[in-house]
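Peer 1: below: sequence and its predicted model.
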Amino acid sequence: MRRRMYFLLPDLASAQRTMSDLLLSRVEERHIHFMARDEMELEGLHEANLLQSSDIVHGAEAGLVIGGFCGLAVGAVAAFFPIVGARPQWELMIVTAPLGALFGAWVSSMIGVSVPNSRLKAFREPLERGMILLMVDVRDGRVDEIREMLKAHHPEAHMEGVESAIPAFP
């Protein structure tokens, strides 16, 4: 299991030095994400992608659940009013629930891609002021090690918290 650590950095030079130190500490580049306001160039840094910067994951999760329940409800209604024959067709629920879940996940993720990540709401104001957000995904056992390394080598980096669980694929 991984945890996501959040740090705010004052400028690009500090962010570049921090990335170098994280790479030297054997944190893979794919687990390091930087985010800044749109017009700021993050030269040489691994920028956050849509999975980190938008609400696509949250949207897909919510859509999966809501769509599944809606598909189940549609299947139940269709079962009570059979198209063929006089008995209820409960097998329709087996088909409509997963179809509803998939459709709900797809639609919600399309909406979520255009919405800023709700987990990053607290960082909007510092980002607008020109600060850079660093998100580092590390194994449980390395959280304290990385925190202490950054505190020792980068006193300008302000730790903003640790997320207890992150999605498996970003």
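Peer 2: Received, thanks.
Peer 1: list the buried ones in the worst-scoring helix or strand of the chain on mean pLDDT?
Peer 2: Every helix and strand in the chain was compared by mean pLDDT, DSSP states H and E; the lowest is helix 50-53, with a mean of 81. Going by neighbour count (16 or more other Cβ atoms under 10 Å), the buried part of helix 50-53 is Gln52, Ser53. Backbone N, C-alpha and C define where each C-beta goes, glycine included.
Peer 1: from the contact counts, what lies against the very next helix or strand once past that helix?
Peer 2: With elements assigned by DSSP states H and E, the helix or strand that comes after helix 50-53 is helix 56-80. Applying 3 or more Cβ pairs under 8 Å, 6 or more residues apart in numbering; DSSP states H and E, we find helix 56-80 packed against helix 91-112.
Peer 1: make sure Phe7 is indeed in a helix.
Peer 2: No. Assigned with DSSP: H, G, I helix; E, B strand; the rest coil, Phe7 falls outside any helix and is strand.
Peer 1: roughly how far does it sit from Ala79?
Peer 2: Distance check for Phe7 against Ala79: by Cβ to Cβ, to the nearest Å, it reads 53 Å.
Peer 1: with Val107 instead?
Peer 2: 24 Å.
Peer 1: then Ala122?
Peer 2: 46 Å.
Peer 1: could you check which of those two is surrounded by more residues?
Peer 2: With neighbours defined as other Cβ atoms under 10 Å, Ala122 and Ala79 compare such that Ala79 has more, 16 against 11.
Peer 1: residue contacts, the closest residue to that one other than its chain neighbours?
Peer 2: The shortest distance from Ala79 to any non-neighbouring residue, by Cβ to Cβ, 6 or more residues apart in numbering, is to Pro88 (4.6 Å). If a contact means Cβ atoms under 8 Å, 6 or more residues apart in numbering, then Pro88 has Ala79, Phe80, Pro82 as its contacts.
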